[in-house]
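# predicted model, plus sequence, below.
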Amino acid sequence: MELFLFIISIIIFILFVYRLYPWLRYRLPPGPYPWPIIGNLLDVKPDRCRCFAEWSKIYGPIMSVWIGSSLNVIVSNSELAKQVLKDCDQQLANRHRPKAVAIISKGGTDLVWADYGAHYVKVRRVCTLELFSPKRTEALRPIREEEVRAMIASIFKDSTNSSNSLVLRKYLGSVAFNNITRLVFGKRFESEEGVVDGQGLEFRAIVANEFKLGIPQGLVEHISWLRWIRWLGDDEAFTKHLAHKDGLTRAIMEEHKAKSMKSGVVKQHFVDALLSRREIHGLSEDTIMGLLWNMITAGMDTVAITVEWAMAELVMNPRVQHKAQEELDRVIGLNRGMNESDTLNLPYLRSVAKEALRLHPPTPLMLPHKANAHVKIGGFDIPKDTIVSVNVWAIARDSSIWEDPLEFKPERFLQRDVDIGGHDFRLLPFGAGRRICPATQLSINLVTLMLGQLLHHFEWTPPLGVRSEEIDMTDSPGLVNYMRTPLQIVPTPRLPAQVYERV
Ligand code: HEM
């Protein structure tokens, strides 16, 4: 018994010293008191960006938060964001891969979850040159325009069949799904009537399963020496999932190649770009499939989330809605729908999109970065392997840099233009630096087009008997910031009937 107690005491002592070691050795940023073993895990509220913003009022704009045994540093002002994403960009460009993510991303052989290094530089270059070049973005413009027109047609049909409100997310989700599968695989799984075919259902099931498998499984996920518990018996689920996903991806790729060969036309989709340049860039099959799936998972929800928030703000702020509609009527007229090229002449609409991304960035803490070397931020030590997040949600609501930060006021960008593409550290919905979202321009184009078409074709109001102040503007916690309650609103057509017939 005595020996047992002695061993337990030694273990507790070692854990205590292990826990204390970084504190003694380094000058870490301040933060809430970390409990032994679990750190601050139980104190962090599910709505992390809000929780960290609250804590930053107590501990300052750079904070240490221990999630189990991992040190997380969160920065919440634009000056420190600049240090993270510009001055120390390269040293903070690794990714933290929890075990599930490591398996799904095959050890970071993709882009999103790859550490910074030769592989990352290579695939990022391929993305910049082959997938998101201005030429490719332009070549794929008809897909975006067709899908947004299909959304308008579908809303028009449903609005004339019933005078009730509709759940906007359903329509935005369809645009996002069809746009991304066509962009990536050149394939639309959904018929014009909105019926998803067998392959599409399989595809959606894989996305949903991946999301489920990727969710951290509670306490053991965060405590390094307990992680093995989670993996007892779990491997089979991952092996099955990856085999299913790879099988479907190969089948879609083969089908696409066969179609292109038969038609003799060189297609412009991401899959064509990657397969045709495979040898030149030395891309493995795993990397190609990883990249294609990265685009699906990173691109599917983000755009739809942004437009849903923007529409909620526009229903709450009829003045802004009418001002945007007045601009659309003046520039486009009442006899045709908007095209992407019209955006250039619609500064107020562009500001509406920007304002929505300011108040509701879909990834409020971006994607966490990880230090590949020891650096200093704000005078504090950031040891190698620290997970570093920028609270872009809090920065965009900082009253020291934004006037009336909580108000939806697109005019602010007409008075003073603020870059949204990673050059101005006050507004970072796409991040900045080496790991900035590679689809920034494409996403801005699509969000602006969707908003323009929705506002031009319809007047949007709350359902009968609901006041605009009653719309639930809370967000559901997670890596991405959905509206907690899907937005339900009433569209009333506002253009002559023949315009809808032509859609
Ligand atoms: C409104 C829409 C979008 C927003 C606000 C957004 C935002 C972001 C953010 C904040 C990051 C992380 C940056 C960082 O780690 O520093 C990111 C990464 C990424 N996004 Fe987006 N994104 C959007 C749409 C898209 C779309 C449509 C695609 C693909 C078609 C896409 C593909 C990616 C990829 C591949 C990465 C990883 C980049 C890397 O690690 O190097 N995103 N995005």
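Sure, I can see it.
# could you check how far the residue of the stretch 251-400 of the chain found nearest the ligand is from residue 118?
The stretch 251-400 of the chain approaches the ligand most closely through residue 299 (3.0 Å), counting by C-beta to the nearest ligand atom. Quick note: C-beta positions are derived from backbone N, CA and C, even for glycine. Distance, residue 299 to residue 118, using C-beta to C-beta, to the nearest Å: 25 Å.
# and those two? which has more neighbours close in?
Neighbour count, other C-beta atoms under 10 Å: between residue 299 and residue 118, residue 299 has more, with 20 against 7.
# leaving aside the residues next to it on the chain, what's closest to the residue of the stretch 1-150 of the chain found nearest the ligand?
Relative to the ligand, the nearest point of the stretch 1-150 of the chain is residue 112 (4.3 Å; C-beta to the nearest ligand atom). Excluding its sequence neighbours, the residue lying closest to residue 112 (C-beta to C-beta, 6 or more residues apart in numbering) is residue 294, at 4.6 Å.
# what do you get for residue 204?
In this structure, residue 204 finds its nearest non-sequential neighbour in residue 196, 6.9 Å apart by C-beta to C-beta, 6+ apart.
# if I look at the one you found, how far off is residue 177?
In this structure, residue 196 and residue 177 are 8 Å apart, going by C-beta to C-beta.
# which SSE is immediately downstream of the helix or strand bottoming out on mean pLDDT in the chain?
In the chain, the helix or strand scored least confidently by mean pLDDT, DSSP states H and E is helix 227-231, which has a mean of 55. Using DSSP states H and E, the helix or strand that follows helix 227-231 in sequence is helix 235-263.
# ok, and for that following helix, which residues are buried?
241-242, 245, 249, 252-253, 256, 260 (16 or more other C-beta atoms under 10 Å).
# tell me the contacts of residue 78?
Contacts for residue 78 (C-beta atoms under 8 Å, 6 or more residues apart in numbering) come out as 395, 398, 401, 425-426.
# show me which of those are buried.
When these are checked for burial by 16+ other C-beta under 10 Å, the buried set is 395, 398, 401, 425-426.
# tell me which two of those sit farthest apart.
The largest separation in the buried ones among the contacts of residue 78, counting by C-beta to C-beta, is between 398 and 425 at 11.0 Å.
# go through the buried ones among the contacts of residue 78 and flag which are in helices.
Among the buried ones among the contacts of residue 78, the members found in helices (DSSP state H) are residue 395.
# need the buried ones among the contacts of residue 78 in CSV with pLDDT and distance to residue 372, can you?
Shown next, in CSV, are these (pLDDT from 0 to 100; distance: C-beta to C-beta, whole Å):
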residue, pLDDT, distance to residue 372
395, 98, 24
398, 97, 29
401, 95, 30
425, 98, 22
426, 97, 27
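# export the buried ones among the contacts of residue 78 to a markdown table and append columns for distance to residue 58.
As requested, the buried ones among the contacts of residue 78 are exported to a markdown table (distance: C-beta to C-beta, whole Å):
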| residue | distance to residue 58 |
| --- | --- |
| 395 | 17 |
| 398 | 16 |
| 401 | 20 |
| 425 | 23 |
| 426 | 23 |
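# closest to residue 343 among the buried ones among the contacts of residue 78?
Nearest to residue 343 among the buried ones among the contacts of residue 78 is residue 426, at 22.8 Å by C-beta to C-beta.
# surely that closest one touches residue 396?
Yes. Counting by C-beta atoms under 8 Å, residue 396 is a contact partner of residue 426 at 7.3 Å.
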